[in-house]
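J.: structure of the sequence below:
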Amino acid sequence: GCEPSSPTSQPTSEIGMLSHLQCLDLVYNGIRGSIPSEIGMLSQLQDLYLHGDDNEIDGCIPTEVCMMSSIQYIYLPYDDDDDDDDTPSCW
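T.: Model prediction:
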């Protein structure tokens, strides 16, 4: 199963070292800042949960997420400006 995590306030580049991680659940954890491009190194990741009213993800979703070949579910924070420019073309 997917267990809740206990992150710092901003994901860092070290996230790419978690190569066997299958689920990353950062829902309602007060995440601030951008998603590091190293997230694309999570080749075993199947589920990525980043939504939640208190998460404030800035910037674009890195194109490196397109390298996550095992991904099945991605839940991002709701963006009320309806601008798809911040999502990679592989979606």
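J.: residue 61 is in contact with residue 37, correct?
T.: No. Contact between residue 37 and residue 61 fails when scored by Cβ atoms under 8 Å: they sit 10.1 Å apart. Just so you know, the C-beta spots here come from the backbone N, C-alpha and C atoms, and that holds for glycine as well.
J.: so residue 16 makes contact with residue 42?
T.: Yes. The pair residue 16 / residue 42 is scored as a contact, 7.0 Å apart, by Cβ under 8 Å.
J.: the two: who's more crowded?
T.: residue 42 (24 against 16; other Cβ atoms under 10 Å).
J.: show me what contacts the more buried one?
T.: Listed by Cβ atoms under 8 Å, 6 or more residues apart in numbering, the contact partners of residue 42 are 15, 16, 18, 19, 21, 24, 68.
J.: distance of residue 21 relative to residue 38?
T.: Note on residue 21: its distance to residue 38, by Cβ to Cβ, to the nearest Å, is 12 Å.
J.: also residue 76?
T.: Taking Cβ to Cβ as the measure, residue 76 falls 18 Å from residue 38.
J.: which pLDDT does the model give residue 24?
T.: In this model, residue 24 is scored at 90, pLDDT.
J.: what about it, which SS state?
T.: strand (DSSP: H, G, I helix; E, B strand; the rest coil).
J.: kindly state the beta-bridge partners for it.
T.: Beta-bridge partners of residue 24, counted by DSSP bridges, are residue 48.
J.: can you pull the contacts of it?
T.: Contacts for residue 24 were tallied using Cβ under 8 Å, 6+ apart; they are 5, 15, 18, 42, 45, 47, 48, 49.
J.: filter the residues you listed down to the buried ones.
T.: Neighbour-count burial (16 or more other Cβ atoms under 10 Å) applied to the contacts of residue 24 gives 15, 42, 45, 47, 48, 49.
J.: how about residues contacting the helix or strand of the chain with the lowest mean pLDDT?
T.: Between all helices and strands in the chain, the lowest mean by mean pLDDT, DSSP states H and E belongs to strand 56-57, at a mean of 82. If you take Cβ under 8 Å, 6+ apart as the criterion, strand 56-57 is touched by 31, 32, 33, 34, 35, 50, 76, 77.
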